[in-house]
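A.B. asks: Structure here, sequence nowhere to be found:
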């Protein structure tokens, strides 16, 4: 009787499996790096737009406020200042609500990668 040697197909199958796993891992890493790049660009855009908006809005509010206070300096200086303070408080609350909606509407970071990993998990798990 000769000793049974492993079938040549087992080694080839193991190599193919390993190659497939490495290819899947490489694809997932590439997807992860693309999503990191997209998140970085989105963050940079958000910072630039927000900074420009804050600067322009601040300058407008300062000059409008100065103009209103100067117009009512003799007759209703305190009422003008109180009205401006109330207006700015309401505007601040509105901005907070808008930002809150904006951030909750954003997609989850790395959602594409998580979806692909979930698909991989479904393919690997045995059916019950």
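C.D. replies: In hand now; what should we look at? In this text the structure is predicted, and so the values were computed from the model without any measurement.

A.B. asks: Report the buried residues of the lowest-mean-pLDDT helix or strand in the chain.
C.D. replies: The weakest-scoring helix or strand in the chain, judged by mean pLDDT, DSSP states H and E, is helix 111-124 (a mean of 76). Of all the residues in helix 111-124, those buried under the rule 16 or more other CB atoms under 10 Å are 113, 116. Quick note: C-beta positions are derived from backbone N, CA and C, even for glycine.

A.B. asks: What of stretch 99-113?
C.D. replies: 110, 113.

A.B. asks: Which elements pack onto the lengthiest helix in the chain?
C.D. replies: Determined from DSSP state H, the single longest helix within the chain is helix 8-71. If you count contacts as 3 or more CB pairs under 8 Å, 6 or more residues apart in numbering; DSSP states H and E, helix 8-71 packs onto helix 77-105, helix 111-124.

A.B. asks: circling back: what's the spacing between the least confident helix or strand of the chain and its chain's center?
C.D. replies: Taking CA atoms, centre = their mean, to the nearest Å, one finds the center of helix 111-124 at 20 Å from the center of the full chain.

A.B. asks: So that it lines up with my notes, have the first residue be 632 from now on.
C.D. replies: All right, first residue 632 from here; so that's helix 742-755.

A.B. asks: and the angle for it with helix 639-702?
C.D. replies: Using axes from the mean of the first three to the mean of the last three CA atoms, to 10 degrees, the direction of helix 742-755 lies 150 degrees away from that of helix 639-702.

A.B. asks: what packs against helix 742-755?
C.D. replies: For helix 742-755, the contact count by 3+ CB pairs under 8 Å, 6+ apart identifies helix 639-702 as packing neighbours.

A.B. asks: Could you tell me the angle between the helix it packs on and helix 708-736?
C.D. replies: Using the same axes, to 10 degrees: helix 639-702 against helix 708-736 is 170 degrees.
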